[in-house]
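Student: sequence and predicted structure are below.
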Amino acid sequence: MCIKKITLENGLDILFYQDTKKHTTYVNLITKFGGMTYPFIVKGKKYQFRNGMAHLLEHLLIEASPYGNLVHQFGEMQLNVNATTYINRTEYYFSGTEKIEEALPMLLKAVNDSHFSKEMLEKTKDAIYEEIRMGKDHKYRKLFEMQNENLFHNISYINSIGSIEDVRSFTYEEVKQCYDTFYNFSNQMLVIAGHFDENKLLDIIKTTCKGMRRPYIPFVLEKKEEPRIVKQKSSTSYMPIGRPIIQLSYKISVKNLKSKQKLALDFYLIYFMRMNFGSISKLGQKMQNEDTTIGPIHFSHLWLEDILILVIDAISEKEKQFITSICKQMENPIFDKELFTLYQKESYIDIGLREENVYSYITPYLENVFSFDYPYPDTLEQISAYSFEEFKKMIGNLDFANYTVCKIKDIEKG
Amino acid sequence: MLDTNIKGHFIENKNFKTVFVELWIPYVAEKDYIPSCFLPSLLVHTNLLYPKEEIFQRKLLEKNILEISCGKRSCGKNSFFIFTLTMPDQTLIDLSEIEEGIRFFFSTVYEPNIQNHRFDEIQFERVRSRLITSIHNAKKDIDEFAIQMVMDEVDEEGFLKESLFHHMEDVQYMSNDEVVNFYENKIQKVRPFVFTIGNIEKEKIEKVIEEQLYKRNVKPLQIKKEYTAFLPCHFNTYKEKKISRPYAQSVLIFAYKIKDMKEEDRLPLSILSSLLSSQSSDLLMKNLRDEKGLVYTAYSRVYDRFNLLLIEAKIYREAYEEAKTQIFKTMEILKNGDIKNLLQNIKDRRRVNLKRGLDNKFAIVSDSIAPTLGFGISMEQKYQDVLKMTEQDISNLAKRLKLELIYFVEGDKDVH
């Protein structure tokens, strides 16, 4: 099984991943316009919008589609449907075992041939206001927002959904400008995976696209250089919470790394964090034994183009002790060769297991495309090429000096 | 009575690359809810041979074990401890490694880190601390808090009250000794139901499992098939309660019960819930979100073994009255029985789900376990039963629904 890529004349990239043993088909139409927006210039005019524009469009195209609310339409066709706005893209996807050939042109038209009105736009905003309120009660969303506010000088990204004020401010003309600029076939990718007839679907896509004119509008993104240092060293928020959470977010420049190096570093970071902070690590165990943390340390990382954000958090009532221990470990980390070999072996198995279902194959592939600009799936050969020496060297080259601390404490105790 | 004298159940399936071994250990829950909450974490992070968690974790990696987990499931008067081993199959590792993994799994479940009749003190205190934190968090989380408040009002019999929410003191004072007693008396000596799924060589795996069960000298436990405990209706009219908390959102919950609930009401109740909130019908979202823009999400939850239907809407506090009106309006649609097309959608969805289930290893596991243990029927059988349902059946059931409570957690933070 492998991924087959076809590019249509209109610029649309189509990826087919066929697995005839499966009964379900998965379709995902991706537009390369996400929650993190930059000012952009079209025909000499500069546009700059607040957070939440891509997410608003995501709702609008689905809920005010030419077929009515696409969630209900597809639901009644026994398809599971949803859409998600990521930092760098918006995905519109459905899956099912029947009526795929009927639904595929509907999705293409809903996303690329929308005729939303001012009234529809305002109505769509109401549900988003409730979604925003819901997020305000969510502690990890709050931490994510605090982290982004503290890290960036020139990137205005706080979250993908925006604030009520942000969303309320968007006019019909502004939304239309964004839609016309970013929603065209040459800025999209269509993924079809699972059980399907490739030729039949390709014909349907070509016929549907012929009936739609989505002219490419040249645009230039205006990106400013982001300083290496964080904007703010720490911040604290108060909300209803059982025990305090502390999070350290490291801002690391990876400007000099190429696609393949970033991909390797992505694997190495997981090994590194598990080795130093996971339940297998001495520090992770010590912190729990000494009540520095309640429960394990959590960690993750996020790629924002040339910036890598490394996140470490835990429930802790001993914040100074927690911060000192993490920083000390980052200064003198453990590199365990035996453990590296075990993790590498686990990665081989993981690659094999990805073929179990189409989502676990496609999802890491899309991460490779959108985070590393590397349009290939991970392979056993690639993992075999990773070495302990390179692991040490690449991690050793990362600058862990710039971090911000975000704390959430209970509103009643605050 | 359930037949517990079974060697094991094998579900051979070559479409996946994972092997699951599940041990379902039945126990009769008495006044031992708190010790049963301590146990899962104490049993899957260490064992007697590897009493330090970091070493245990390393062993899992060395043995290619993807996960050993433990959970609990309660059905009426019966409860089960469920231990799950997840490993890659023979296309990715050797059969001998799978056999070795199964032996390690059994030793983790049956030879835990108990010495001198005590679990390791450090591990024990860690678990206590995590449980206390989960209670603190539940009290502050808007969803968990709201559900618990509703349960307090509608579940006077305590059928559904399996929650630590009101047991802070019990957790604080639970002794190590008591948890060991619970484990030794209720879990360690009982013969489990064993389910194995994946691309496996049945005879070889069966031999390893038999050897492990024989070695442990576990005895079958005869338990009664009492999986339902229907809550009675207590009130003729509904209560309306409001509480204010420091949240940005508000939660509105309607709690319904069926008057004189019987076993045969369970299926139409689950269909009624699907009509309210499955994507094939979505009556709640159509009435609350599409029509009025009141919510981001609204859904129903059905506890069909216990006779309870909850409708939840996350709203802004000023939308309280309007949201209530829309929920009442939605329930009227079900009573009027004008749901022919929507019911057909639900039937079609169940048919499609049967096919989708073939791509989902977890669905295959659960579709085999529930009928074997007697607390459910197969998806196929359920689908056949759903096909027989008419809109009249649903409408009759909707008319028997009694609203017992409207609970409103009013978020008092202004977010404009």
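Tutor: Received, thanks.
Student: which pLDDT does the model give the most centrally placed residue in chain A?
Tutor: A centroid search over chain A (Cα atoms, centre = their mean) returns residue A:86, at 4.3 Å, as the residue closest to the centre. Residue A:86 is assigned 96 on the pLDDT scale.
Student: same thing with residue B:27?
Tutor: 87.
Student: and chain A, is stretch B:343-353 touching that?
Tutor: Yes. Residues of stretch B:343-353 are located near chain A by Cβ under 8 Å from any Cβ of the partner chain, namely B:345, B:348-349, B:351-352. The C-beta positions use only the backbone N, C-alpha and C, and glycine is treated the same way.
Student: give me the phi and psi angles of the closest residue to the residue nearest to the centre of chain A other than its chain neighbours.
Tutor: Distance criterion Cβ to Cβ, 6 or more residues apart in numbering or on different chains; nearest residue to residue A:86, sequence neighbours excluded, is residue A:34 at 5.0 Å. Main-chain torsions, residue A:34, degrees, to the nearest 10: phi -120, psi -160.
Student: chain B versus residue A:34, what's the distance?
Tutor: 20 Å (Cβ to the nearest Cβ, to the nearest Å).
Student: quick one: the strands in the stretch 1-150 of chain A?
Tutor: Secondary structure of the stretch 1-150 of chain A by DSSP state E, counting those that start in this stretch: the strands cover A:3-7, A:13-18, A:25-31, A:40-42, A:45-47, A:80-85, A:90-96.
Student: got the domain boundaries for the chain?
Tutor: Here I'm looking at chain A. Listed by automatic domain parsing, the domain ranges of chain A are A:3-221, A:234-410.
Student: my bad, chain B
Tutor: B:9-216, B:239-411.
Student: spell out which parts of the stretch 201-350 of chain B neighbour chain A.
Tutor: The stretch 201-350 of chain B comes close to chain A at residues B:245-249, B:278-282, B:285-286, B:289-290, B:293-297, B:314-316, B:345, B:348-349, as judged by Cβ under 8 Å from any Cβ.
Student: do the longest helix seen in chain B and chain A meet?
Tutor: Secondary structure of chain B per DSSP state H: the longest helix is helix B:121-140. Yes. Contact of helix B:121-140 with chain A (Cβ under 8 Å from any Cβ) involves B:122, B:126, B:129-130, B:133-140.
Student: dump those into CSV; add pLDDT and neighbour count as well.
Tutor: Shown next, in CSV, are those (pLDDT from 0 to 100; neighbours: other Cβ atoms under 10 Å in any protein chain shown):
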residue, pLDDT, neighbour count
B:122, 93, 15
B:126, 94, 22
B:129, 95, 18
B:130, 94, 17
B:133, 95, 16
B:134, 94, 20
B:135, 95, 19
B:136, 94, 17
B:137, 94, 17
B:138, 93, 17
B:139, 93, 14
B:140, 94, 22
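Student: tell me the contacts of residue A:201?
Tutor: Listed by Cβ atoms under 8 Å, 6 or more residues apart in numbering or on different chains, the contact set of residue A:201 reads A:16, A:100-101, A:104, A:192.
Student: mind doing that once more with 7 Å?
Tutor: Residue A:201 makes contacts with A:104, A:192, as judged by Cβ atoms under 7 Å, 6 or more residues apart in numbering or on different chains.
Student: name the nearest residue to the residue sitting furthest away from the middle of chain A, ignoring sequence neighbours.
Tutor: Largest separation from the mean C-alpha position in chain A: residue A:290, at 35.2 Å (Cα atoms, centre = their mean). Among residues not flanking residue A:290 along the chain, residue A:321 sits closest, at 7.7 Å (Cβ to Cβ, 6+ apart).
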